[in-house]
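Undergrad: how does the following fold in three dimensions:
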Amino acid sequence: MNAIKLISYVLLLFVTPSLSTLSAENRQKILCLHSYDPSYEWQKSMDTAIDQTLLHAVPDIQIYHEYMDVLRIPDPAFQMDLFNYLKSKYRDIRFNVVMASDNNALNFLLDYRDRLMGPVPVVFLGINNYSQSMLRNQSFYTGVAENIDMPDTLKTAIQLMPNIRKFIVYGSWNTTYFENMSLLKQVVSENNLPVEIQQVENIPISQMLAHVPGLKNDDAVLFLSQVLDDDGKMMPITKSIQMISQASPVPVLSFWDFALGNGALGGKLVSGQSQGETAAHLALQIMNGESAKDISVIEKSPNRFMFDYVQLKRFSIPLSALPENSLVINQPESFFNRNKTAVLTILSILCCLVAIIGILSAAIIRRKQAETLLRRSDTKHRAMIANISDVIAIIDINGINRYKSPNIERWFGWHPEDVVGISTWENVHPDDLERMHVFFCSPKCQLDFVISMS
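TA: So this is what the prediction gives:
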């Protein structure tokens with residue numbers, strides 16, 4: 001028996017690690033290759049949305065993130081180093097899906113995916129100026145495009161500020177800037193917008209800050225990409241927008257939601273969160289067995305008009321002038337929103353009081369109507385009683401007179417007030433007392449009744 005237990009224990013020691021290894025190998029794995037570094041606000045919002053969406057659907061999924069950091073390392077030769085690094089690091093891992101955020105990551109995978117990991121399905125997001133030709137006829141690619149809505153944003157800016165005649169464009173030389181600059185010129189030309197474009201590019205932030213105060217009131221600032229700090233390095237776009245906006249006498253426009261609340265006026269903005277969530281759902285479809293070839297690319301970004309109330313107020317733009325269903329951030333809370341609970345409580349109490357007053361008023365009205373009808377009925381009955389020949393009496397069960405009609409005086413010479421309240425037996429002939437007592441004690445007798453006396 002001891003030998004059997006020992007053998008079972010030894011087998012368990014060997015089997016348990018094997019099962020754990022098998023379980024780990026069966027877990028879904030995703031590699032997320034990002035163009036920028038994780039501190040970049042746009043990148044950060046996409047990363048967060050991807051992780052939250054995937055982990056909510058598949059809690060034990062393994063997510064790997066790699067950052068190309070192309071804004072700080074733009075050298076094309078670095079891509080071969082990156083290829084060798086990824087090839088070595090992930091040589092023993094088979095990914096179910098690879099996600100590529102922004103153009104640089106997608107282009108890298110188009111160049112190296114097959115040599116790096118074979119025909120693994122790729123889901124891309126944040127791709128500027130997407131067209132089918134960008135995929136070079138390669139298979140198993142799908143995703144969501146990042147189409148900044150320049151036409152609607154620029155047209156809306158001109159409608160809100162009709163004095164605009166020139167867009168001052170700030171940016172640095174990188175892929176995003178060149179692609180967006182090309183698109184800007186195309187949009188202005190195709191839509192015949194009555195504006196000029198002045199490019200202030202690839203200069204440090206200190207020179208931009210020296211340039212901004214001299215802008216005229218018919219200018220507007222456009223941010224198309226990150227800009228350089230005084231050391232020639234890329235600086236966070238939200239920080240640069242804050243600095244330019246504070247120094248600028250004219251509005252600052254952008255096309256991404258992370259700029260909102262940091263000095264940008266607003267427009268029809270692209271959301272990094274929406275990009276990440278949408279792409280993650282496409283990746284989940286693939287992991288659930290659907291082929292990437294059968295999933296169409298989502299070419300229209302879920303953009304929305306969004307504005308900053310602080311900047312609207314600064315440049316005297318009324319809320320009523322904004323496009324319908326615009327989202328406005330930093331809008332002061334109304335008295336109702338600040339004191340919602342108290343206001344609703346007071347309104348509830350007032351409604352209850354009004355209801356009670358209404359009920360009491362209705363009861364009072366009904367009572368007065370009943371009293372009026374009673375008075376009319378009483379007057380009518382009194383008139384009827386006064387004009388009939390019989391004497392009407394009301395006597396309670398104890399024999400006490402409660403009412404005697406006026407004509408009792410004519411018949412018996414008594415005034416009604418002289419006999420009301422006294423026992424009726426005092427006015428009954430002794431020969432009739434016994435008979436009357438029997439009547440009053442009989443079951444047929446009522447508490448109050450009327451006796452007609454002749």
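Undergrad: show me the shaky parts of the chain.
TA: Low-confidence segments of the chain, defined by pLDDT under 70: 1-25, 334-339, 380-387, 389, 440-454.
Undergrad: now do the domain split for it, please.
TA: Listed domain ranges for the chain are 2-146, 150-269+304-332, 337-387, 388-454 (source: automatic domain parsing).
Undergrad: want to throw those domains into TSV with distance to Ala283 and mean neighbour count?
TA: C-beta: built from backbone N, CA, C; applies to glycine. As requested, these are arranged in TSV below (distance: least, Cβ to Cβ, whole Å; neighbours: other Cβ atoms under 10 Å):
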stretch	distance to Ala283	mean neighbour count
domain 2-146	5	17
domain 150-269+304-332	22	18
domain 337-387	39	10
domain 388-454	89	13
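Undergrad: for those domains, which one sits closest to Glu290?
TA: Shortest distance between Glu290 and those, using Cβ to Cβ, is found for domain 2-146: 9.5 Å.
Undergrad: off-centre distance for that closest one?
TA: The chain centroid and the centroid of domain 2-146 are separated by 32 Å under Cα atoms, centre = their mean, to the nearest Å.
Undergrad: circling back to that earlier point, how about a markdown table for the domains of the chain, with distance to Gln285 added?
TA: Converted to a markdown table, the domains of the chain look like this (distance: least, Cβ to Cβ, whole Å):
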| stretch | distance to Gln285 |
| --- | --- |
| domain 2-146 | 9 |
| domain 150-269+304-332 | 24 |
| domain 337-387 | 40 |
| domain 388-454 | 86 |
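Undergrad: between the ones you listed, which one is closest to Ile295.
TA: Of all these, it is domain 2-146 that lies closest to Ile295, at 4.4 Å by Cβ to Cβ.
Undergrad: which element, helix or strand, includes Leu269?
TA: Leu269 belongs to strand 266-269 when elements are defined using DSSP states H and E.
Undergrad: can I get that strand in CSV, CA atoms only?
TA: Extracted in CSV, the C-alpha atoms of strand 266-269 (Å, rounded to 0.1, in the frame of the first residue of the first chain):
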residue,chain,number,x,y,z
GLY,A,266,-12.3,71.9,-30.0
GLY,A,267,-13.8,70.6,-33.2
LYS,A,268,-14.8,67.2,-34.6
LEU,A,269,-12.2,65.1,-32.7
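Undergrad: neighbouring strands - and their directions - for that strand?
TA: Strand 266-269 has the following strand partners under DSSP bridges: strand 304-308 (antiparallel).
Undergrad: ok, then the element right after the strand it pairs with?
TA: Downstream of strand 304-308, the next assigned helix or strand under DSSP H and E is helix 309-314.
Undergrad: contacts for that following helix, please.
TA: Where contact means Cβ atoms under 8 Å, 6 or more residues apart in numbering, the residues beyond helix 309-314 that reach it are 245, 251-252, 263-266, 318-319, 322, 328-332.
Undergrad: what's the most distant pair in those?
TA: Between any two of the contacts of helix 309-314, the greatest separation by Cβ to Cβ is 21.5 Å, found for Val252 and Pro332.
Undergrad: picking up where we left off before, just the ones of the contacts of helix 309-314 in strands?
TA: Of the contacts of helix 309-314, the ones assigned to strands by DSSP state E are Val252, Gly266, Val328, Ile329.
Undergrad: what bridges to the third one?
TA: For Val328, the beta-bridge partners are Phe307 (DSSP bridges).
Undergrad: would you mind measuring from it to Asp51?
TA: Note on Val328: its distance to Asp51, by Cβ to Cβ, to the nearest Å, is 29 Å.
Undergrad: surely Ile329 touches Leu260?
TA: Yes - with contacts counted by Cβ atoms under 8 Å, Ile329 reaches Leu260, the gap being 6.1 Å.
Undergrad: intersection of neighbour lists for the two?
TA: Residues touching both Ile329 and Leu260 comprise Met306, Phe307, Asp308, with contact defined as Cβ under 8 Å, 6+ apart.
Undergrad: now distance to Leu135 too, for the residues you listed, in TSV please.
TA: TSV is the format used below for the shared contacts of Ile329 and Leu260 (distance: Cβ to Cβ, whole Å):
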residue	distance to Leu135
Met306	31
Phe307	35
Asp308	37
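Undergrad: mind listing what the residue nearest the centre of the chain touches?
TA: The centroid of the chain falls nearest to Leu327 when counting by Cα atoms, centre = their mean (10.9 Å). Contact partners of Leu327, counting by Cβ under 8 Å, 6+ apart, are Arg304, Phe305, Met306, Phe307.
Undergrad: for the third one, which non-adjacent residue is spatially closest?
TA: Across the structure, with Cβ to Cβ, 6 or more residues apart in numbering as the measure, the residue nearest Met306 apart from its sequence neighbours is Leu327 (4.5 Å).
Undergrad: for the second one, same thing?
TA: The shortest distance from Phe305 to any non-neighbouring residue, by Cβ to Cβ, 6+ apart, is to Ser326 (4.1 Å).
Undergrad: so how far is Glu299 from that neighbour?
TA: Ser326 sits at a distance of 24 Å from Glu299 (criterion: Cβ to Cβ).
Undergrad: equivalent analysis for Leu109, please.
TA: Taking Cβ to Cβ as the measure, Leu109 and Glu299 are separated by 19 Å.
Undergrad: also Lys87?
TA: Lys87 sits 32 Å away from Glu299, going by Cβ to Cβ.
Undergrad: and for Val97?
TA: For Val97, the distance to Glu299 equals 20 Å [Cβ to Cβ].
Undergrad: ok, now Val120?
TA: Val120 sits 23 Å away from Glu299, going by Cβ to Cβ.
Undergrad: now Gln273
TA: As for Gln273, its distance to Glu299 is 19 Å (criterion: Cβ to Cβ).
Undergrad: verify the contact between Ala105 and Leu33 for me.
TA: Yes - look at Ala105 against Leu33 with Cβ under 8 Å: they come within range, at 4.5 Å.
Undergrad: please identify every residue contacting each of the two.
TA: Applying Cβ under 8 Å, 6+ apart, one finds that Ala105 and Leu33 are jointly contacted by Met68.
Undergrad: next, count neighbours for Gly272.
TA: Residue crowding around Gly272 was assessed by other Cβ atoms under 10 Å; the count is 24.
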